[in-house]
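In: Got a predicted structure plus its sequence, pasted below:
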Amino acid sequence: MLKYFLRFSFFFFPVLVWAKAPFWVPKDIRIGYDIGKQVARLWSTKNTHEGILHLYFGKILLCVEGGKQIIFREAEVQNSRYKNQGSFLCLGVDYNFLKESPEHNICSIGLRYAMSHFQETVDTFTKDESELLQKPRVWKDQRVLFEQQLSAHWLEAVGGVGVSLWKNFFVGVQAKIKFKKKIKGTEKMQCFEIPGWGFGDVQAYGDVHYYVLYTFYFR
């Protein structure tokens, strides 16, 4: 999903640059990356890469946000490992409260529809007692406890600020409240975690995103 997002971005930008901009063409397009998720990797088992694409029309912004996530946890006591990998995509609209400025700064609220497709796997191992002192440790007799393909969707209420940092570079922060989650494919076992959401048994989530963006100005 992320690779299609990037391919679309790199194809779409040159077309707008060379074409004359009618009223329906955005005043700028900003593409960014969530640096906060990379900082969180210092203490988290989640490896998340998330990008954003915002089309700025002045008072209205059309928003596309998405990425991929890998979660890997190993339990020493149960001799088991949990792996979750998948992608997520958010589509929505924001309303900008600020008067239009040459820098196109924003202070906005909006709504997103989000979806995720992912795979969960739990397997168990037996430690090879003769190799316990070796690192990495040697495991044997792998047995998959369960594996399932899942999908989920939910809504997000969003508030954000974006300001010009230097020339075409922006920094932004978004606060999200995620709710109305629905999961499909849990016939085998309850879902543990959802990429783009969090723990599967939690009914609502709050999240904060910190972005660095580059802006292409058109009008």
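Out: Yep, that arrived. Numbering: from 1, shown residues only.
In: Could you name the helices and strands sitting against the helix or strand containing His54?
Out: Per DSSP states H and E, His54 falls inside strand 46-56. Strand 46-56 sits against helix 2-18, strand 28-34, helix 35-40, strand 60-75, strand 205-217, with contacts defined as 3 or more CB pairs under 8 Å, 6 or more residues apart in numbering; DSSP states H and E. Any C-beta I mention is one placed from the backbone N, CA and C, and that applies to glycine too.
In: Can you give me every residue that contacts the residue lying closest to Ile194 once chain neighbours are set aside?
Out: Nearest non-adjacent residue to Ile194, counting by CB to CB, 6 or more residues apart in numbering: Ala152, 4.9 Å away. With contact taken as CB atoms under 8 Å, 6 or more residues apart in numbering, Ala152 is in contact with Met115, Ser116, Phe118, Lys181, Lys182, Ile183, Lys184, Cys191, Ile194, Trp197, Gly200.
In: try 6 Å this time
Out: Contacts for Ala152 were tallied using CB atoms under 6 Å, 6 or more residues apart in numbering; they are Ser116, Ile183, Ile194.
In: Who wins on neighbours among those?
Out: The residue in those with the most neighbours, by other CB atoms under 10 Å, is Ile194 (27 neighbours).
In: The host helix or strand of Ala157 pairs with which strands?
Out: Using DSSP H and E, Ala157 maps to strand 139-166. Here strand 139-166 is paired, per DSSP bridges, with strand 106-127 (antiparallel), strand 169-184 (antiparallel).
In: where among those is the average confidence lowest?
Out: Note on these: strand 106-127 shows the lowest mean pLDDT, a mean of 87.
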